[in-house]
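*Asks:* Give me coordinates for this.
(chains A and B)
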Amino acid sequence: MTPQHEAEPLLEARRIHLRHRRGERDVVRDLSIGVRRGEVLALVGPNGSGKSTTLAALGGALEPRSGEVLLDGAPVSALGRRAFAQRVARLPQAPACPEGLTVAELVLCGRHPHRGSLQTPRSEDRQAVAAALRGVGLAELRHRRVETLSGGERRRAWIAMVLAQRAELLLLDEPTAALDLRQQHEVLDLLAEVNHRQGTSIVLVLHDLEHAARIAHRVAVLHRGRLYQVDSPRACIVPDMLRDVFGVAARIETDAGRLCIRVDGPADPTRRL
Amino acid sequence: MFGVRRRANGVEPLPEEFLEWQVALRRWTMLERDGTPHVGVAPVLLVRRPGVGPGATGHSIVCGLLPAEDVLDRKTEEFRAIYEAERAAGARAIYDRGIAYLRDYYSETSAFDPTSVTTLLPQDSPAVVALRVDWRCALIFHVFNDRGPGDGESYRCLQLNCRAELLQSGPVYDNVWWHNALFHGAVEDHVVVRFRCQSAYDTLFGGLTAMA
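*Replies:* Model prediction:
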């Protein structure tokens, strides 16, 4: 961890309780978590543990029932949507795309917070779009309509849109979902590069713990709507956590410096956390 | 309840043998099982079915002991202090610190309320809905006096006939809520059920012996 990461959180949730609209139960309870400047923070946990809901709250898409979300110490709720979007970009799990948009037009949508509503794209907007398309390997498909793309290509187009937004913080919900093995690694490498070269902070929801260990400076483990632990990948991804949270007996091995999880089977008994 | 006549509102002490067993079982759980509950703290709660004359339904619950009245508030503050101190680190840290604390917590029966056990349930759970209609209920401890591996005693079955009090605030509510928070975090929309003992029977799986 670099000294840069030790600063105050860039974006922070303080004691938030979250409930889906029309929901009757809190799906996230008393959660405090912050992402530091220049940091990659991975949210991991089983299905239903509250990862995507937490990300939605951090991105201002879901208002906490109690508690607050702060950007640089100021309540997000007091910021305008445009001002917030100039600094924070969010990619949901399954974003909807209007029919008929080309890839380039979709990616250009990422520039919206930086443009006037009727303003034509400026050269810096075009440059941002071109760079984002190159980054995800879709430059040659820029004139294709989004609905004609494969699932993996479509995912990369959305990631390009978020990159074109050039925010200082990216919130990404399962950015490697629907991608094949090679594309997953390419996307992770791309995000690592964006973090490294531009100092962009990233919070991403991941299901693959080995991916989390590979890209994240810190891992936040969510379990039943609570923060189980937040720490470095090597401190978090241990057999006790895998037993408590994922209900599996597993061993952790290191291969060429990379963390590998060997699952032996279901854990029994598990602690009642 | 359920065929046994008793006073309508009277509260009786829990059988001493039961309270001693519960304290010993919980101490062993904390020392040897890292807090994983033993089935001995998970009785079946029998409640009357609302709107149905005869008949009852059973609900599996995990029950707790309540600190004695003179230390209740102090214990609540200690639970709360553990939770608040470790909250930022996450549930695992709260749990581990809570277990360390509870290793010394279950030592003397005199430190606990001699008349009741408690649980925390969602306010709209079927058991709570039934208890709102009729507070009469029974707790069945079907492995009564089992003390873990190596215990040579044959199983017994203890029935506590109880009056259920539903609490949504107050010192007892706070104590149970913060104790629960060490293991399950901050929950809302729950009620504390305080089971006040009215009579106790050692059913011996077929027999029926009133206990002191």
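*Asks:* Could you use CA atoms for every contact and neighbour count after this?
*Replies:* Noted.
*Asks:* who's in contact with the helix or strand bottoming out on mean pLDDT in chain B?
*Replies:* Least confident helix or strand, chain B: strand B:209-210 with a mean of 74, by mean pLDDT, DSSP states H and E. The contact list for strand B:209-210 (CA atoms under 8 Å, 6 or more residues apart in numbering or on different chains) reads B:199-203.
*Asks:* switch the cut-off to 6 Å
*Replies:* The contact list for strand B:209-210, computed with CA atoms under 6 Å, 6 or more residues apart in numbering or on different chains, reads B:201-202.
*Asks:* Please read off the pLDDT at the closest residue to residue B:116 other than its chain neighbours from the model.
*Replies:* With CA to CA, 6 or more residues apart in numbering or on different chains as the criterion, residue B:116 has its nearest non-adjacent residue at 4.6 Å, and that residue is residue B:196. At residue B:196, the predicted lDDT confidence score is 97.
*Asks:* List the buried residues of stretch A:205-217.
*Replies:* With burial defined by 16 or more other CA atoms under 10 Å in any protein chain shown, the residues of stretch A:205-217 counted as buried are A:205-207, A:209, A:211-217.
*Asks:* Widest-spaced pair of those?
*Replies:* Farthest apart among the buried residues of stretch A:205-217 by CA to CA are A:207 and A:217. That separation is 16.2 Å.
*Asks:* hang on, residue A:176 in a helix?
*Replies:* No: counting by DSSP: H, G, I helix; E, B strand; the rest coil, residue A:176 is not found in a helix; it is coil.
*Asks:* Would you mind measuring from residue A:160 to residue A:83?
*Replies:* Look at residue A:160 and residue A:83: by CA to CA, to the nearest Å, they are 20 Å apart.
*Asks:* Ok, residue A:42 next?
*Replies:* For residue A:42, the distance to residue A:83 (CA to CA) stands at 25 Å.
*Asks:* Between the two, tell me which one has more neighbours.
*Replies:* Set residue A:42 next to residue A:83 and count neighbours by other CA atoms under 10 Å in any protein chain shown: residue A:42 wins out with 30 against 12.
*Asks:* Could you look up the SS state of the more buried one?
*Replies:* Here residue A:42 is recorded as strand under three-state DSSP.
*Asks:* my guess is it meets residue A:204, correct?
*Replies:* Yes: at 5.0 Å, residue A:42 counts as touching residue A:204 under the criterion of CA atoms under 6 Å.
*Asks:* Quick check: which element contains residue 57?
*Replies:* In the absence of a named chain, this looks at chain A. Using DSSP states H and E, the element containing residue A:57 is helix A:51-58.
*Asks:* meant chain B, my bad for not saying
*Replies:* Using DSSP H and E, residue B:57 falls in strand B:56-60.
*Asks:* And the residue nearest the centre of chain B, what's its pLDDT?
*Replies:* The residue lying closest to the centre of chain B (CA atoms, centre = their mean) is residue B:63, at 2.4 Å. On the pLDDT scale, residue B:63 is placed at 97.
*Asks:* again, but for residue A:104
*Replies:* 95.
*Asks:* Could you find the closest non-adjacent residue to it?
*Replies:* Distances taken as CA to CA, 6+ apart place residue A:142 nearest to residue A:104, at 4.8 Å, with adjacent residues excluded.
*Asks:* And for the one you found, the neighbour number?
*Replies:* With other CA under 10 Å as criterion, residue A:142 counts 20.
*Asks:* Pretty sure it sits against residue A:107.
*Replies:* No: applying CA under 6 Å as the test, residue A:142 and residue A:107 come out as separate, 9.0 Å apart.
*Asks:* Would you double-check that the residue nearest to residue B:116 falls in a strand?
*Replies:* Yes: when three-state DSSP is applied, residue B:196 is found to be in a strand.
*Asks:* roughly how far apart are it and residue A:120?
*Replies:* To residue A:120, residue B:196 is 74 Å away according to CA to CA.
*Asks:* between these two, which one's more packed in?
*Replies:* residue B:196 (24 against 9).
*Asks:* quick one: that one from chain A, how far?
*Replies:* As judged by CA to the nearest CA, to the nearest Å, residue B:196 and chain A stand 26 Å apart.
*Asks:* hey, where'd the helices end up in chain B?
*Replies:* Using DSSP state H, the helices of chain B run over B:16-32, B:72-86, B:91-105, B:126-133, B:171-184.
*Asks:* Contacts for the shortest one, please.
*Replies:* Meaning helix B:126-133. With contact meaning CA under 6 Å, 6+ apart, helix B:126-133 is reached by residue B:50.
*Asks:* Let's see that helix as CSV, backbone CA atoms only.
*Replies:* What follows is helix B:126-133, C-alpha atoms only, in CSV (Å, rounded to 0.1, in the frame of the first residue of the first chain):
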residue,chain,number,x,y,z
PRO,B,126,-45.3,-16.7,12.8
ALA,B,127,-44.2,-17.4,16.4
VAL,B,128,-44.5,-13.7,17.3
VAL,B,129,-47.8,-13.3,15.5
ALA,B,130,-49.2,-16.2,17.5
LEU,B,131,-47.8,-14.9,20.8
ARG,B,132,-49.5,-11.6,20.2
VAL,B,133,-52.8,-13.4,20.2
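*Asks:* So for it, what gets flagged as buried?
*Replies:* Residues of helix B:126-133 classed as buried: B:126-128, B:130-131 (neighbour count, 16+ other CA under 10 Å).
*Asks:* quick check: mean pLDDT across it?
*Replies:* Mean predicted confidence for helix B:126-133 is 94.
*Asks:* pLDDT below threshold where in chain B?
*Replies:* For chain B, applying pLDDT under 70 flags the ranges B:1-9, B:53, B:147-155, B:205-208, B:212.
*Asks:* wait, isn't residue A:13 in contact with residue A:36?
*Replies:* No: using CA under 6 Å as the test, residue A:13 is too far from residue A:36 to be in contact (11.9 Å).
*Asks:* Residue A:171 - that's part of a strand, no?
*Replies:* Yes: assigned with three-state DSSP, residue A:171 falls within a strand.
*Asks:* got the contact list for it?
*Replies:* A:90, A:202-204.
*Asks:* again, 7 Å this time
*Replies:* Residue A:171 is in contact with A:55, A:59, A:89-91, A:202-204, counting by CA atoms under 7 Å, 6 or more residues apart in numbering or on different chains.
*Asks:* can you check residue B:107 too?
*Replies:* Counting by CA under 7 Å, 6+ apart, residue B:107 makes contact with B:23, B:27.
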